[in-house]
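# Quick one: sequence and predicted model below, then my questions.
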Amino acid sequence: MAARIIVALGALITAGGMLLPILTIPLVGPITLFTNGQLAGYLALAVTFVTLFTGASRYVRFAWIPAVLSAIVLGFFGLQASNRANEAMATFRENLENSPFGALAGDFVGTVEFDEGWVVMAVGIVISAAGSLAAKRPAPQD
């Protein structure tokens with residue numbers, strides 16, 4: 001029973017982390033997994049709910065599988081977001097290299113930062129996986 005509660009708590013923390021800002025861009029503001037309109041946020045949320053429902057079922061010991069899938073989806077999205085931010089900064093600096101505002105623009109673009117949503121989601125995934133792995137296996141019936 002305790003493992004089910006731990007898995008459910010981890011899944012809810014992961015889902016809550018998806019609503020927090022994951023990236024802050026100047027003039028655009030904070031971005032969550034859902035404000036960019038891409039499939040990754042909805043896919044990660046669906047896998048998180050599969051973790052929640054698996055944890056609530058009698059198959060709680062298998063809830064680590066969707067938790068790991070959620071980590072893979074979020075990791076892929078994180079790498080993709082980081083690469084896009086780096087490409088945008090390089091293009092922006094290159095286009096404004098000889099501009100009188102080039103240094104100011106470079107500093108401005110350099111303030112793109114990853115926010116606390118990633119940490120909260122990672123903590124939730126770890127809690128879900130740990131709760132699943134701590135679940136007792138059913139006793140064999142003879």
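Alright, I've got the coordinates.
# three-state assignment of the residue lying closest to Asp115 once chain neighbours are set aside?
Closest residue in space to Asp115, ignoring its immediate chain neighbours: Pro21 at 4.2 Å, by CB to CB, 6 or more residues apart in numbering. C-beta here means a position set from N, CA and C on the backbone, and glycine is covered the same way. When classified by DSSP: H, G, I helix; E, B strand; the rest coil, Pro21 comes out as coil.
# Count residues in the vicinity of Pro21, would you?
Neighbour count for Pro21, taken as other CB atoms under 10 Å: 17.
# who's in contact with it?
If you count contacts by CB atoms under 8 Å, 6 or more residues apart in numbering, Pro21 has them with 30-32, 115-117.
# host element of Arg4?
With secondary structure defined by DSSP states H and E, Arg4 is part of helix 2-19.
# which strands and helices sit next to the helix or strand that that helix is followed by?
Downstream of helix 2-19, the first helix or strand assigned by DSSP H and E is strand 23-25. Counting contacts by 3 or more CB pairs under 8 Å, 6 or more residues apart in numbering; DSSP states H and E, strand 23-25 packs against strand 29-31, helix 64-95, strand 113-114.
# Go through the second one and flag the buried ones.
In this case it means helix 64-95. 64-71, 73-74, 77-78, 81, 85, 92 (16 or more other CB atoms under 10 Å).
# Tell me which of the helices and strands packed on strand 23-25 sits nearest to Ala46.
Among these, helix 64-95 comes nearest to Ala46, with 9.1 Å by CB to CB.
# what is the mean pLDDT for the closest one?
Summarised as a single mean, pLDDT over helix 64-95 is 80.
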